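Enquirer: Sequence and predicted structure are below.
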Amino acid sequence: MSDAGAAPRKQEFEEVLDRSDQSVAAFEGHEKNFVDRLQHFLHGNPTMVPVIVLAISIIAFGFIAGDRFFSAFNLSLIMQQVSIIGILAAAQSLVILTAGIDLSVGANMVLASVIMGNLGVQMGLPTPVAIGIGFICGALAGMLNGFLVTKVRLPPFIVTLGTWNIFFALNLWLSGAQSIRSQDIDAQAPLLKFFGESINIGGAQFTFGSMLMVLIFAVLWYVLNRTAWGRHVYAVGDDKDAAELAGIRTSRTLVQVYALAGLVCGIAAWAAIGRVGSVSPQSFQEANLQSITAVVIGGISLFGGRGSIIGPLVGALIVGVFNSGLRLAGVDVLWQVFAIGWLTIIAVAMDQWIRKVSA
């Protein structure tokens, strides 16, 4: 090619590069608008979404229901009402952080409570022993889920849907479909109702069960944010293949997560006996879905690897505030469920929007 022909081509090429540089400079100089900045902020602080929703809900229902809503008794009652679902949401959060799901947490909890009741009341074993065996059974049930997910390589949804039915059937079989009455527990194993006891602080009745809920979230927050194992949990949920390449034993971590979730369900079983005052094999039928609702509203991504364990605690409180506020406002229970359903859908939509944040 002659020099005369190359010169125009060189000039044209340089002009194209110059326009490209100007376009890149213009793009880099583009300032993000308020929506973009909000999206980036929420992407880095996903827990702020439920916190903002909780604050707005409290203010709104304070105006609607008046002083009754802000009374110390009502606020402490909300804590009592969400304590069991909150503990189950903590267990559910561990699994969802690994991009899984556990539909059996409620049935696992009830199974552990039936075992505690049968051993402590019907068979007369020392109550601490009965409680300890209930904890072990809860952990083993969770470990079964983890084994089927990791070793047999079945989808978590299918595995836990199956064990949900298995645990429920075992509940009915072990209990004979009969409840253990409160009077029998008081006579044989009163320690089983420990978390139903309360203390009065400024007119507010705080049960030991609600305190236990807060303690569990605090412990799990420390484990997930201050230990190597917690970082492994997030890594597995974010990208399992990448976690394996980084040297993380993902299968062992998953089994441990499901076992820990099962142990938390066992602890919830003890608290549930105190909350209800009896042992019923057919109680907490909707606990599985309610725990998922609290997790989703709390900002933990269903895709795993993102979210704070504190979020589901806030999510459970949001559900409690909505139920309490709508009840005090005279709204029918049907519409309370309707409102929570829409709140869940909006929470999932927010999660999808936040995940699409631009780099």
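Expert: It's in. Numbering: from 1, shown residues only.
Enquirer: the strands in the stretch 51-200 of the chain, which residues?
Expert: Here the stretch 51-200 of the chain has its strands, by DSSP state E, counting those that start in this stretch, at 198-201.
Enquirer: low-scoring stretches of it, by residue?
Expert: Per-residue confidence of the stretch 51-200 of the chain (counting by pLDDT under 70) places no residue in a weak region.
Enquirer: so which helix or strand takes in the residue nearest to residue 87 when sequence neighbours are not counted?
Expert: Using CB to CB, 6 or more residues apart in numbering and skipping residues adjacent in sequence, the residue nearest residue 87 is residue 268, 4.1 Å away. (C-beta placed from N, C-alpha, C; glycine too.) Secondary structure assigned from DSSP states H and E places residue 268 in helix 250-276.
Enquirer: Please identify the buried residues of that helix?
Expert: Of the residues in helix 250-276, those scored as buried under the neighbour-count criterion (16 or more other CB atoms under 10 Å) are 250-251, 253-276.
Enquirer: Which strands and helices lie in contact with that helix?
Expert: Helices and strands touching helix 250-276, by 3 or more CB pairs under 8 Å, 6 or more residues apart in numbering; DSSP states H and E, are helix 72-96, helix 105-117, helix 127-150, helix 208-226, helix 228-238, helix 240-245.
Enquirer: Please identify the deepest-packed of those.
Expert: Here the criterion is mean neighbour count by mean count of other CB atoms under 10 Å, and of these the winner is helix 105-117, at a mean of 30.
Enquirer: Between helix 250-276 and that one, find me the angle.
Expert: Computed by axes from the mean of the first three to the mean of the last three CA atoms, to 10 degrees, the angle separating helix 105-117 from helix 250-276 equals 60 degrees.
Enquirer: Helix 105-117 to helix 127-150, inter-axis angle?
Expert: Orientation check (the same axes, to 10 degrees): helix 105-117 against helix 127-150 gives 150 degrees.
Enquirer: I'd like to know how far residue 257 sits from residue 264.
Expert: The span separating residue 257 from residue 264 equals 11 Å under the rule CB to CB, to the nearest Å.
Enquirer: cool, and residue 304?
Expert: Remark: distance between residue 304 and residue 264 (CB to CB) = 18 Å.
Enquirer: again, but for residue 87
Expert: Summarising the geometry, the distance separating residue 87 from residue 264, computed by CB to CB, is 6 Å.
Enquirer: anything in contact with each of these two?
Expert: residue 216 (CB atoms under 8 Å, 6 or more residues apart in numbering).
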